[in-house]
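S.K.: Pasting the sequence and the predicted coordinates here, then a few questions.
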Amino acid sequence: QVQLVESGGGLVQAGGSLRLSCAASGRTFSSYAMAWFRQAPGKEREFVAAISWSGGTTYYADSVKGRFTISRDNAKNSVYLQMNSLKPEDTAVYYCASEMRPYTIVPLTTTNHYDYWGQGTQVTVSS
């Protein structure tokens, strides 16, 4: 049974920073690309950032590029999302996800390619 557990969300003022963590268990973490998605009330879940199984390739949504950084520590079975210069429009529930297939060359950015999800962590940015 694969489990993903997010932590690190909270309430922060605009311009502030948060670091989200996602701890994985249940399969060989280092073999799979990982991603962060988010979902705001009344909106569809959207891609935020992804990182390849090796950590050598990362992708970001245009809305967070230059402000957010995804990273992973395969020795700790964890993936992180450092969020800086937060804006009110970043308010959402943030989910980490594990890609369906191992050793993909390019991490994918759509939800249908991810088969395991965490429970989500709330990020609220006040103006």
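M.R.: That came through, no problem.
S.K.: Count the residues that sit near Q119.
M.R.: Per other CB atoms under 10 Å, the neighbour tally for Q119 reads 11. Glycine gets a C-beta too; all of them are placed from N, C-alpha and C.
S.K.: what about the residue nearest the centre of the chain, is that helix, strand or coil?
M.R.: Nearest to the mean C-alpha position of the chain, counting by CA atoms, centre = their mean, stands W36 at 2.0 Å. Three-state secondary structure (criterion: DSSP: H, G, I helix; E, B strand; the rest coil) places W36 in strand.
S.K.: Identify the bridge partners of it.
M.R.: Applying DSSP bridges to W36 yields these beta-bridge partners: A49, C96.
S.K.: Contact partners for N77?
M.R.: If a contact means CB atoms under 8 Å, 6 or more residues apart in numbering, then N77 has 23-25, 29-30 as its contacts.
S.K.: Show the pLDDT at it.
M.R.: With respect to pLDDT, N77 scores 96.
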